[in-house]
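Undergrad: Please work out how this folds:
(one chain, ligands or ions: 1)
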Amino acid sequence: KLPKIAFIGLGNMGAPMAHNLLKAGFSVSVFDLVQTAMDNLQQAGATAANSAADVVQGADVVISMLPAGKHVESLYIGENGLINQLKAGTLVIDSSTIDASTSITVANKLAEKNIYFIDAPVSGGVSGAMAGTLTFIVGGDEQDYATALPILQAMGKNIFHAGDHGAGQVAKICNNMLLSVLMLGTSEALQMAIDNGLDPKVMSDIMLQSSGRNWTLELYNPCPDVMPNVPSSNDYQGGFMVDLMKKDLGLAMDAGLKSQSLTPMGALAQSLYNIHSQQGNGQLDFSSIFNLFSKQEK
Ligand code: NAD
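TA: Down below sits the predicted model:
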């Protein structure tokens, strides 16, 4: 029998992920603070709930996809936290990108009540969430990873077990630190090509077949109208918000400080994303950093 799933946090990522669970035949109840976020899912067969406490009634598995660590902490172990609602043996899968120490704290607290927890942040963006091709990076016990696997496979393609509690989060922010650097470098190179009279489409093709090739060029070109169906061709709407990248770079810098790692590229990326956010672009997709380099915008 398939486990009953409660899904909390139906934003850019959570909504398509929950849709894919429904498609795979799971029974899914959903909750988001924003009522309208539940409408589409309800039409697709999910049960909408009025509160987090409501949505987990009868659930075997709880999945959360929330903005940041404070939301996850308060949802599970805060005042009126779900720790008091969940039955022993429930598996909690938190797919939000948050700091590893919050993941570990929540995991340990829930374990006191025999509630299992894995951190399972994702990579692949909104398009990956829609297509069901996300990469999941799991931190937690082997047995809980095994229980979660068929559920994660309904939403993703590549599922990794990175290590103990928190390891998924560490792996995720290392990846996102690199992504921010790639996005900045790609934007800078494309803008310089444009400034010198080159067509950004041609330049993108050249780099795609040359040594500058990277994920942003392959799937997420930051220059408007080079690629269809990416945020840059849609006024930088949807996708992965600048303020979320800013958050991830903050997490990366905190982690680097703790492990005494050298992160000069990450530090520069953090500072450029902070400037971009402060200029009023926090809600745009993170590929809008392209405009930081454009002469017209200055
Ligand atoms: P989002 O802001 O679009 O969605 C978050 C949702 O959570 C919102 O609908 C909000 O109303 C809801 N919410 C907040 N607190 C809640 C609570 N207490 N109870 C119920 N609902 C609550 O963010 P997103 O883009 O979906 O990202 C979610 C997480 O996934 C973030 O940690 C982000 O860093 C990570 N992530 C995002 C992407 C991406 O491309 N967007 C990619 C990988 C990882």
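Undergrad: next structured bit after the helix or strand that G256 is a member of?
TA: Element membership of G256 [criterion: DSSP states H and E] is helix 242-258. Toward the C-terminus, helix 242-258 is succeeded by helix 264-276 as the next helix or strand (DSSP H and E).
Undergrad: which strands and helices sit next to that following helix?
TA: Under the contact definition 3 or more Cβ pairs under 8 Å, 6 or more residues apart in numbering; DSSP states H and E, helix 264-276 sits against helix 167-195, helix 242-258. In short, each C-beta sits where N, CA and C put it, glycine included.
Undergrad: mind checking which of the ones you listed is nearest the ligand?
TA: Of all these, helix 242-258 sits nearest to the ligand, with 4.3 Å by Cβ to the nearest ligand atom.
Undergrad: Residues touching that closest one, excluding its own?
TA: With Cβ atoms under 8 Å, 6 or more residues apart in numbering as the test, helix 242-258 has contacts from 67-68, 97-100, 169-170, 172-174, 176-177, 180, 261-263, 266-267, 269-270, 273-274, 276-277, 281-286, 288-289.
Undergrad: neighbours around I77, how many?
TA: Neighbours of I77 under the rule other Cβ atoms under 10 Å: 18.
Undergrad: ok, it touching Q85?
TA: No - using Cβ atoms under 8 Å, I77 makes no contact with Q85, being 11.7 Å away.
Undergrad: And the lowest-mean-pLDDT helix or strand in the chain, what's buried?
TA: One helix or strand of the chain scores below all others by mean pLDDT, DSSP states H and E: helix 125-131, with a mean of 93. Within helix 125-131, the residues scored as buried using 16 or more other Cβ atoms under 10 Å are 125-130.
Undergrad: Next, the angle helix 167-195 makes with the top strand by length along the chain.
TA: Counting by DSSP state E, the longest strand found in the chain is strand 156-163. Angle between the axes of strand 156-163 and helix 167-195 is 120 degrees (criterion: axes from the mean of the first three to the mean of the last three Cα atoms, to 10 degrees).
Undergrad: got the CA coordinates for strand 156-163 in CSV?
TA: Output in CSV follows, covering the C-alpha atoms of strand 156-163 (Å, rounded to 0.1, in the frame of the first residue of the first chain):
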residue,chain,number,x,y,z
GLY,A,156,13.2,13.3,-9.3
LYS,A,157,15.6,11.4,-11.4
ASN,A,158,18.9,11.4,-9.5
ILE,A,159,18.7,10.6,-5.8
PHE,A,160,21.9,10.7,-3.8
HIS,A,161,22.6,9.7,-0.2
ALA,A,162,25.2,12.3,0.8
GLY,A,163,25.7,11.2,4.4
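Undergrad: which residues sit in contact with the closest residue to the ligand within the stretch 1-150 of the chain?
TA: Here the stretch 1-150 of the chain gets closest to the ligand at one residue, G11, 1.7 Å apart by Cβ to the nearest ligand atom. Residues near G11 by Cβ under 8 Å, 6+ apart: 32, 37, 65, 67.
Undergrad: Many thanks, have a good one.
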